[in-house]
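Colleague: Let's see this in three dimensions:
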Amino acid sequence: MRKISTKRFAGWPLSFLLCASILFAPFASTPVQAAEADKETKITLLGTSDIHGRFMPWDYALDGPNPTGSMTQLYTIVKKVRAENPNTILLDAGDMIQDNSAELFNDQPQSPMMVAMNEMKYDAWVMGNHEFNFGLDVLEKISSQFNGQPLVGNIFKENGDRYMPAYTIIEKDGIKVGVIGMNTPMITEFEKGTDHLDGIIVKDPVEETKKAIAELKGKVDVMVGLMHMGLDNENGNPGTGVTDIANANPELAAIFAGHMHTLIESQTVNGVLISEPNKYGSHISRIDLTFEKDGDKVVLKSKEAQALAVKAADGTYEVSDPALEETLHPFHEFARADANIEVAELKGTNLVPADEIKGIPAVQIQETPLSDFFTEVMLHYSDADVVAHQIDNDKAKLDIGPIKKKDIAFNYQYTFGEVTVYEVTGRDLKDYMEWSAGYFNSTRPGDVTISFDPKRRASKYSTDDFFGGVTYEIDLTKPYGSRITNLKYSNGTTVKEDDTLKLGMNAYRMEALIAKGGAMEGRKFKQLWSSKDASAFGEIQGTIRNLSIAYLKDVMKGVYEPKIQHNWKITGVDLTAPERADVVELINDGIMSVPTTEDGKYTNIASINILDTVTQEEIDTLSAKADVSAAQFAGVKTKGAFYQQLNKARKAAGNGEGETTPEKPTTPTVPKPTPTPGTSKPVKPSTPSTGKPDTVIKGKQAKVTAAYLNVRAGASSKAKVVAAVPKGTLLEVISTDKYGWVKVKLDGRVAFVYGRYVSILK
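Modeller: Modelled structure (predicted):
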């Protein structure tokens, strides 16, 4: 760009120089800037993965809204990006057609997932391991509905041809992008014992990526991977993670990863940019590739990745595209109708008791009729000696009344969980059970709650397994690996190490147990039977969900009344200490809380101990929450003693039911009018009696001084709570009594608040 000397204009007026700069600027810079702009082109790649049937923001297992991720919400994001950059390519890294009732449409004319992908104009879709869950005929039927290019370069027909193409070439603004698609080779393990892979051969994706790159050289300007594999190798198996692919194939500019349900915004391995968009349509990965044109050549100048979330930082969710929702509505109604089919009537008792302590799910720490039910189903159909299963839902619930299909799915959330029977020894069973018991933290004297190991609590799937066909205890005072005690068969016979028995369980769990680092690493077990075998119940009807439905309908004849089996219990926790009752009340009233991970996502990662020394910080914090003076606890040494005294103090003050800490209402119960000028005067609980039951106060207002205050139907801490109002709320006062209660008007009705937590305005 030609420089203009300022010396020749020295002494000229500033206004003239400004005008000159404006006049000269277009002629001096525009051609050059335009030329530079013409040299650069940005291609935006958007990648989804592991959507697992979330075509609408709806959980069909629960039959309720779920705005945390869906195709219709992702489409809103895609539209925004396309408006920003027309040179946008949309890709998916697999596991699209399984879960959230998507499999209901396998025998229907259309799959809602394909309808959504076509409406959204996906360019390519690589097959994930769950695409093969239903066999090749179903996959071919569904994938044939896709208007884009299906890919899977490491799967071959027996004649040596690729089952699907390894790559596709997509051109945007003259730039040719080669997209290479591979599936995890672990698919052979996942589909073991089925005929789903009959007629095809799964090969090493690292080597097949090399071959695809060789075929693409000279045909494209850039190459990217679309891989249904996570960042790291799975279960320690080489060639099962995209890190191995990146290290062996630096020619790739970027890789969209998947399969592991992990959020990786941007990571670089061997110069290859990697991004993974988590799971269930919660995110979409965005990779921007900027190219510089130099004559006939195109050079990749820069690349960057980020994740676009459905849930914004402020907690709001992306809007679901209304037009796509309308298109998908018939599928939505079909899935909902199926979920609401009644299969039986539950009598006698609820299958899951209420949680005794908020934040500690009862279904994970004690035997429940629900876990017994699934045990009953598995034993009935498998002819196994012992069975094992897990419940992935902390909020599991099934109350007396009609049992619908959605109730079974809600309480057993692993869609394709099945019963596979293996021949094992008593030692193998014991080792498996010890591993499962590792879900819990060890306890020490003074622990009054059962808690979970933080790493196990945060694992991809629940690893707290329940065992039926045996009775046992889990002693948490014993070291890891020695916690299972009194292990006996249901007939009372002790389980011996050299026993040979039939163990029914989920095959996916078994693969994890025998893999590298697993509790039974390297061991091999003879598979005797699987509920998904064609000779048994088949891929669909052989799931635990469908076996449970069949059991209720065919065996129980539509009526189920549970019988508690008393299979197991946890010991080594002091559930009888007097202080424990205070702990329970303080937690349930919101004064205390069970320990959580730093992000608050996983609860109950440490036990509450009543013998530990209490700190002044905890005294101050909890006293403030209970709205009592911390000074009265001077000299208290242990946490248990403090919890007892704190609970007693708040009850004496009228806060025994959580006066200051109810759940925060969405909007204030009473609007806040402009305060009446004047000085406030607190109503003292010890106001001397005037000889009258009440002191009438007309034309006054009471201002709430506590963070939140319960408004009750009567002048008693045991009276029913009719509302909870926030600090600063003004209430119309009717009268006060000698016990410190204030009668007020709330929304036109008479109610009561405790006078210690309001001020009467003059």
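
Colleague: residues touching Arg82, list them.
Modeller: Each residue near Arg82 by Cβ atoms under 8 Å, 6 or more residues apart in numbering is listed here: Thr88. Just so you know, the C-beta spots here come from the backbone N, C-alpha and C atoms, and that holds for glycine as well.

Colleague: oh, I was asking about Gln644
Modeller: Gln644 makes contacts with Pro578, Glu579, Asp582, as judged by Cβ under 8 Å, 6+ apart.

Colleague: And for Asn350?
Modeller: Listed by Cβ under 8 Å, 6+ apart, the contact set of Asn350 reads Pro369, Lys397, Leu398, Asp399, Ile400.

Colleague: That one belongs to a helix?
Modeller: No. Using DSSP: H, G, I helix; E, B strand; the rest coil, the secondary structure at Asn350 is coil, not a helix.

Colleague: Pro361 versus that one, what's the distance?
Modeller: Distance, Asn350 to Pro361, by Cβ to Cβ, to the nearest Å: 15 Å.

Colleague: Phe374 too?
Modeller: 16 Å.

Colleague: picking up where we left off before, now the contacts of Asn350 as CSV including distance to Gly481 and pLDDT?
Modeller: Compiled in CSV, the contacts of Asn350 are given as follows (distance: Cβ to Cβ, whole Å; pLDDT from 0 to 100):
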residue, distance to Gly481, pLDDT
Pro369, 30, 97
Lys397, 33, 93
Leu398, 34, 95
Asp399, 38, 96
Ile400, 40, 96
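
Colleague: now, among the residues you listed, which is nearest to Val298?
Modeller: Taking Cβ to Cβ as the measure, Val298 sits nearest to Lys397 out of the contacts of Asn350, at 57.8 Å.

Colleague: From the contacts of Gln644, list just the buried residues.
Modeller: Buried by 16 or more other Cβ atoms under 10 Å: Glu579, Asp582, out of the contacts of Gln644.

Colleague: and the contacts of Gln644, which of them are in strands?
Modeller: Of these, none are assigned to strands by DSSP state E.

Colleague: Who has more neighbours out of Phe374 and Pro361?
Modeller: Taking other Cβ atoms under 10 Å, Phe374 and Pro361 do not tie; Phe374 has more neighbours (26 against 20).

Colleague: which element is the more buried one on?
Modeller: Using DSSP states H and E, the element containing Phe374 is helix 369-382.

Colleague: Likewise for Ile97?
Modeller: Assessed by DSSP H and E, Ile97 sits outside every helix and strand.

Colleague: my guess is it meets Glu103, correct?
Modeller: Yes. Using Cβ atoms under 8 Å, Ile97 is in contact with Glu103, at 7.4 Å.

Colleague: and for the two, which residues touch both?
Modeller: Common neighbours of Ile97 and Glu103 (Cβ under 8 Å, 6+ apart) are Gly53.

Colleague: Out of the contacts of Gln644, the closest to His52 would be?
Modeller: Distances from His52 to the contacts of Gln644, taken by Cβ to Cβ, are shortest for Asp582, at 43.9 Å.

Colleague: now the stretch 151-300 of the chain, which segments are flagged as low pLDDT?
Modeller: For the stretch 151-300 of the chain, no stretch has pLDDT under 70.

Colleague: just the helices in it please.
Modeller: With DSSP state H, counting those that start in this stretch, the ranges of helices along the stretch 151-300 of the chain come out as 187-190, 205-216, 242-248.

Colleague: Could you provide the ones you listed in JSON lines, with additional columns for mean neighbour count and distance to Ile43?
Modeller: Formatted as JSON lines, those follow (neighbours: other Cβ atoms under 10 Å; distance: least, Cβ to Cβ, whole Å):
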{"stretch": "helix 187-190", "mean neighbour count": "19", "distance to Ile43": "31"}
{"stretch": "helix 205-216", "mean neighbour count": "20", "distance to Ile43": "16"}
{"stretch": "helix 242-248", "mean neighbour count": "23", "distance to Ile43": "20"}
